[in-house]
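In: Starting from these lines, generate the structure:
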Amino acid sequence: MFSSKRPEPLSDMQDTRPSMGMPMSGTPTTLIAQGVKVEGDFSSQGDVSIEGEVHGTVKIIGRLSVGTQAMLKADVTAEQSTVAGSIEGNLTVSGHLELKSTAKILGDVMCETASVDSGAQLSGKVTIGAKPAPKSKNGNEQKSS
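Out: So this is what the prediction gives:
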């Protein structure tokens, strides 16, 4: 009736969470869960899913997913991004930006390509089709002649 056999522990590579709507790239996705608040500079060299709050700056070398309940008061930089929540700050995406119908952005947006669902709200300057200017060693944008 009772078994003494214990279940095998999960290996570090097994992901039992439901998909966040992003393809698994082989590296784990960092999750800032609903109810979690991060303040300061946040950076990652992998995919990130934000469902909570972030205040400061966000720099992602990878794919950023902003969930419907997420609130970012931050300047955001990512390679690709899907936004369904709120961002107050500038958003720079070097690749594709997808704005879901529940997205609310208050700030300037720069991306290479974009798709915007009906109902998405955006207040700010929008630049689509231009890659962000490369940064110099001191962190300032380089001007091309």
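In: in the strand or helix carrying Ile105, what counts as buried?
Out: Per DSSP states H and E: Ile105 is located in strand 104-106. Of all the residues in strand 104-106, those buried under the rule 16 or more other C-beta atoms under 10 Å are Lys104, Ile105. Using the backbone N, CA and C atoms, a C-beta is placed for each residue, glycine as well.
In: tell me what that strand is packed against?
Out: strand 86-88, strand 121-123 (3 or more C-beta pairs under 8 Å, 6 or more residues apart in numbering; DSSP states H and E).
In: ok, and what's touching stretch 45-52?
Out: Contacts to stretch 45-52, defined as C-beta atoms under 8 Å, 6 or more residues apart in numbering, come from residues 20, 22, 25, 27-38, 58, 60-67, 69-72, 78, 85.
In: Can you flag the buried ones in these?
Out: Among the contacts of stretch 45-52, the ones that count as buried by 16+ other C-beta under 10 Å are 20, 22, 29-32, 38, 58, 60, 62-67, 69-72, 78, 85.
In: Enumerate every residue touching Ile105.
Out: Ile105 neighbours (C-beta under 8 Å, 6+ apart): Val83, Ser86, Ile87, Leu91, Leu99, Ala120, Gln121, Leu122, Ser123, Gly124.
In: which stretches of this protein have low pLDDT?
Out: 1-28, 130-145 (pLDDT under 70).
In: Look at the closest residue to Thr29 other than its chain neighbours and say how many residues are nearby.
Out: Excluding the flanking residues, the one nearest Thr29 by C-beta to C-beta, 6 or more residues apart in numbering is Asp47, at 4.4 Å. Other residues lying near Asp47 total 25 when counted by other C-beta atoms under 10 Å.
In: Distance of Asp47 relative to Leu64?
Out: In this view, Asp47 and Leu64 are 8 Å apart by C-beta to C-beta, to the nearest Å.
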